[in-house]
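1. Have a look at this prediction, sequence included:
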Amino acid sequence: NLNSISMKRYIKSRIILIIMSCSLLLNSCESLIDVGPDSNFTFDNFWNSKEEAEAAVLGIYNQMQVALKANYAYWGDARGGLLTRDNSSDQAERLTTNLLNSGMSSASWDPLYIWIGYANYCIKNIPKVVDKTFTDAQRSALLSEAYWARALAYFYVARIWESAPLVTEPTTSTEDEMFVKQVSSEKLLEQVLSDLDMARIGIVKDYAKDNRKNRGRATLSAFYALRVDVLMWMHEYEEAVIYADSLKNAMGNISYDYVAPADWGKMFKSATNEAGAGNSKESIFELQFSQEEFSTSGFNGRWTGYCDFRPNLTCLELFANRQNEGDIRVAETIKDVKSETTEIWKYTGKNFPSGGIHDNNLIIYRWPDIQLLKAEALNRLGKRIEAIEIVETLRAKRFGRITPLTNINKNSMDEVELAILEERAIEFLAEGKRWFDVVRTGRVDELVNPTLTTKITDPYNYYWPVGTSVMRVNPNLVQNPYYQSTGAVSYTHRRAHET
C-alpha cells in the first residue's frame with residue numbers, strides 16, 4: 001500500500017529532522033549534530049555518541065509539543081461541560097455540542113504515534129551506543145525518559161480512543177508490518193504500566209539546580225505524577241495514595257508547594273512577556289515553549305480574541321459564585337464573569353503587552369493536581385476527613401485565608417467528590433483536565449449532559465472516532481461502533497474503505 005509506505009517514510013524523516021533540530025530544546029544540546037548540505041546523514045549512522053542519544057531523547061519532547069499544543073484543549077477540555085464555541089470553527093462547534101466525526105483533525109492519532117515512534121527509536125538504539133564517556137547511569141537515565149514519554153503518549157491514546165494499535169518497535173524499513181491491528185484500551189493501559197516500571201529503573205531525581213530542566217524533563221517526580229494519574233483512571237485508589245505520598249520524598253533539588261495567592265496567575269504566563277513566569281514551584285512537568293527556540297504554543301487561538309472557546313453559562317455561574325466568596329483564581333482565569341461573551345485569559349491576563357508573544361509553557365502536572373487526585377482516592381476509600389483536609393488546604397492558599405467547605409454533607413462520598421471536582425474545575429480550567437475528570441469519576445451524565453443537546457448515553461461515545469486520515473492507510477483498523485451507528489464518518493473515510 002503506497003499510502004502506508006509513504007506514511008512510514010514520513011514518520012522516519014520527521015524523526016530525523018526533529019532530532020537534528022532538537023539542540024534548540026532546553027538549551028542543552030547545542031551543536032550536537034553538524035550536518036552540512038552534502039552530508040550522508042541517515043538514521044542508521046546516527047547513534048554514535050552520548051550526545052546523539054540525548055539529542056534523540058530531546059526530540060521526543062519536541063513532538064510532545066506538536067501533539068499537545070492544540071489537542072490538549074480539544075481532547076481534555078472541550079467536551080467537559082464548561083465551554084462553548086467562540087468563533088466560527090466547525091471543530092469547536094462539534095466538540096462543544098458532542099457531534100464528533102472522523103474527519104476532524106483531532107480524530108487523527110498520528111501526532112501521538114509519531115511521538116511514540118521517537119520513543120521506540122530511543123528505546124531500541126540507546127543501548128547500542130558505543131561511547132566510552134557514556135556511563136551506565138547516563139544511559140539508564142535517557143532510557144527512562146524515553147519509557148516515561150512513551151507511557152504518557154499511550155495514556156493519552158488509551159483515554160481518547162476505545163481501541164488503537166500497540167507499537168513498541170521502531171519502523172526500520174518499509175518492509176515492516178504496516179497494517180497493525182487495534183488492541184483494547186485496557187491492553188494499552190497495561191503497556192503504560194509496563195513502561196512506567198521500566199522508567200523507574202534509571203529516572204533521575206533532578207537535573208541539579210537547573211529549574212527549566214527540572215520542570216521540563218522527566219524526573220522521579222514526573223514518574224510519580226503520571227503513575228498516580230494512571231492508577232486513578234484505573235480506580236486503583238489505595239495504590240494511587242501510596243504513589244501520591246511518594247512524590248513528597250522524590251524532590252531532590254526540586255521543591256513543590258503552593259504558590260502565594262498573588263503569584264497564582266503568573267504560573268501560566270509567558271516568561272518572554274513577564275519575568276519569572278512559568279516553571280513555578282507547583283510545576284512537576286510542563287512542556288517548555290520559547291520564541292527564542294522557535295517554538296510557540298499559540299494558546300491565544302484556543303482562549304482569547306477570535307478563538308475556539310469561551311466559558312459557557314454553567315462555567316460563568318460557577319466562577320461568579322467563587323468571585324463572591326473571594327477566590328483569587330476567578331479574576332486570573334476569566335476576564336468578566338458577568339459577560340456571556342467574555343474570554344478565558346488565563347494565559348494572557350490584563351497586562352498582556354501589545355505585540356506580546358504566545359509562547360506560554362503547557363503544564364501537564366502540577367502539585368495541586370496530584371493532591372486533589374489523592375483527595376479523590378481517599379474519599380473513595382472512605383477517608384473523607386483526610387480528603388476534605390487536602391481540599392481545604394488548597395482553598396486556603398487560593399483565598400488567602402482559611403475557607404472551609406460548607407453546604408455539603410461531609411459524610412457523603414458523592415457530595416465530597418463533587419466538591420473535589422468543583423475545586424478541580426476552578427483550578428484547572430483550560431489545562432486539559434476536565435473531560436478526563438468527569439469520565440474517570442463516572443459523572444458525564446450529571447456534569448456534562450445538562451449542557452449538551454446531543455447527550456452522551458453510549459459508553460463508546462466517551463471515546464473519539466478513529467480519524468479518516470489513519471483509517472485510509474490501514475485497512476485493518478475498525479471504526480468505533482458509536483460513530484458507525486450514528487453515521488459520523490466522513491465521506492472520504494467511507495470511500496477509502498470501499499475501494
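-> Received, thanks.

2. contacts and neighbour counts: CA atoms only from here.
-> Noted.

3. From Leu477, how far out is the closest residue to Ala488 other than its chain neighbours?
-> Distances taken as Cα to Cα, 6 or more residues apart in numbering place Asn101 nearest to Ala488, at 4.7 Å, with adjacent residues excluded. Asn101 is 16 Å from Leu477, where distance means Cα to Cα, to the nearest Å.

4. Between these two, which is the more surrounded one?
-> When Asn101 is set against Leu477 and neighbours are counted by other Cα atoms under 10 Å, the residue ahead is Asn101, at 24 against 18.

5. my read: the more buried one touches Pro465, true?
-> Yes - using Cα atoms under 8 Å, Asn101 is in contact with Pro465, at 6.2 Å.

6. how about low-confidence regions in the stretch 151-300 of the chain?
-> Scanning the stretch 151-300 of the chain for pLDDT under 70 picks out 172-177.

7. quick one on the thing from earlier: part of a helix, is the residue nearest to Ala488?
-> No - counting by DSSP: H, G, I helix; E, B strand; the rest coil, Asn101 falls outside a helix, being coil.

8. For it, report the pLDDT, please.
-> If you check Asn101, the pLDDT there is 96.

9. Next up, phi/psi of it, please.
-> Backbone torsions of Asn101, given as degrees, to the nearest 10, read phi -140, psi 170.

10. for Ile284, same thing?
-> Here is the backbone geometry of Ile284 (degrees, to the nearest 10): phi -100, psi -40.

11. Show me which positions of the top helix by length along the chain end up buried.
-> Counting by DSSP state H, the longest helix found in the chain is helix 136-160. Buried residues in helix 136-160, counted by 16 or more other Cα atoms under 10 Å: 138-160.

12. if I look at Lys383, how far off is Val416?
-> 11 Å.

13. who's more crowded, those two?
-> Set Lys383 next to Val416 and count neighbours by other Cα under 10 Å: Val416 wins out with 24 against 15.

14. so what's the more buried one closest to, chain neighbours aside?
-> The shortest distance from Val416 to any residue other than its chain neighbours is 6.2 Å, reached at Lys410 (Cα to Cα, 6+ apart).

15. What residues does the one you found make contact with?
-> By Cα atoms under 8 Å, 6 or more residues apart in numbering, the contact set of Lys410 is 384-385, 388, 416.

16. how about those residues, which pair is most distant?
-> Maximum pairwise distance among these (Cα to Cα): 9.8 Å, between Ile385 and Val416.

17. Narrow the contacts of Lys410 to just the buried residues.
-> Neighbour-count burial (16+ other Cα under 10 Å) applied to the contacts of Lys410 gives 384, 388, 416.

18. Give me the subset of the residues you listed lying in helices.
-> Residues of those located in helices (DSSP H): 384, 388, 416.

19. The first one: what's it in contact with?
-> Read that as Arg384. The neighbourhood of Arg384, defined by Cα under 8 Å, 6+ apart, consists of 378, 410-411, 413, 416.

20. tell me the SS of Ala67?
-> Three-state call for Ala67 (three-state DSSP): helix.

21. if I look at it, how far off is Val157?
-> Applying Cα to Cα, the value for Ala67 to Val157 is 12 Å.

22. Same check on Tyr224?
-> Counting by Cα to Cα, the gap from Tyr224 to Val157 is 20 Å.

23. mind checking the SS state of Tyr460?
-> Look at Tyr460: counting by three-state DSSP, its state is helix.

24. show me what contacts it?
-> The neighbours of Tyr460, taking Cα under 8 Å, 6+ apart as the test, are 162, 480-482.

25. And for Trp345?
-> Counting by Cα under 8 Å, 6+ apart, Trp345 makes contact with 303-304, 332-335.

26. And those residues, which is closest to Gln191?
-> The closest of those, once distances to Gln191 are taken by Cα to Cα, is Trp303, at 34.1 Å.

27. correct me, but that closest one touches Glu343?
-> Yes - if you go by Cα under 8 Å, Trp303 and Glu343 touch, sitting 6.4 Å apart.

28. anything in contact with each of these two?
-> 309-310.

29. residues in contact with Gly252?
-> By Cα under 8 Å, 6+ apart, Gly252 lies in contact with 205-206.

30. Phe309 pairs with what?
-> As for beta bridges, Phe309 partners with Arg85 under DSSP bridges.

31. Could you verify my assumption that it touches Ala92?
-> Yes - counting by Cα under 8 Å, Phe309 does reach Ala92; the two are 6.9 Å apart.

32. Can you pull the residues that touch both of those two?
-> Contacts common to Phe309 and Ala92, judged by Cα under 8 Å, 6+ apart, are 78, 84-86.

33. out of these, who has the most neighbours?
-> Result: Ala78 is most packed of the shared contacts of Phe309 and Ala92 (other Cα under 10 Å), 29 neighbours.

34. Please identify the helix or strand for that one.
-> Using DSSP states H and E, Ala78 sits in no helix or strand.

35. Would you mind measuring from it to Val439?
-> 13 Å.

36. For Arg215, which residues are in contact?
-> Residues counted as contacts of Arg215 (Cα under 8 Å, 6+ apart) are 279, 283-286.

37. of all those, which comes closest to Met471?
-> Nearest to Met471 among the contacts of Arg215, counting by Cα to Cα, is Glu286 at 31.7 Å.

38. Other residues contacting the helix or strand where the closest one lies?
-> Using DSSP H and E, Glu286 sits in strand 283-287. With contacts defined as Cα under 8 Å, 6+ apart, strand 283-287 is touched by 61, 64-65, 214-218, 221-222, 225, 256, 279, 361-367.

39. cutoff 6 Å now
-> 215-216, 222, 361-366 (Cα atoms under 6 Å, 6 or more residues apart in numbering).

40. What is the neighbour count of Val183?
-> When neighbours are defined as other Cα under 10 Å, Val183 has 14 of them.

41. So it is in contact with Ser163, correct?
-> Yes - with contact defined as Cα atoms under 6 Å, Val183 and Ser163 form a contacting pair (5.4 Å).
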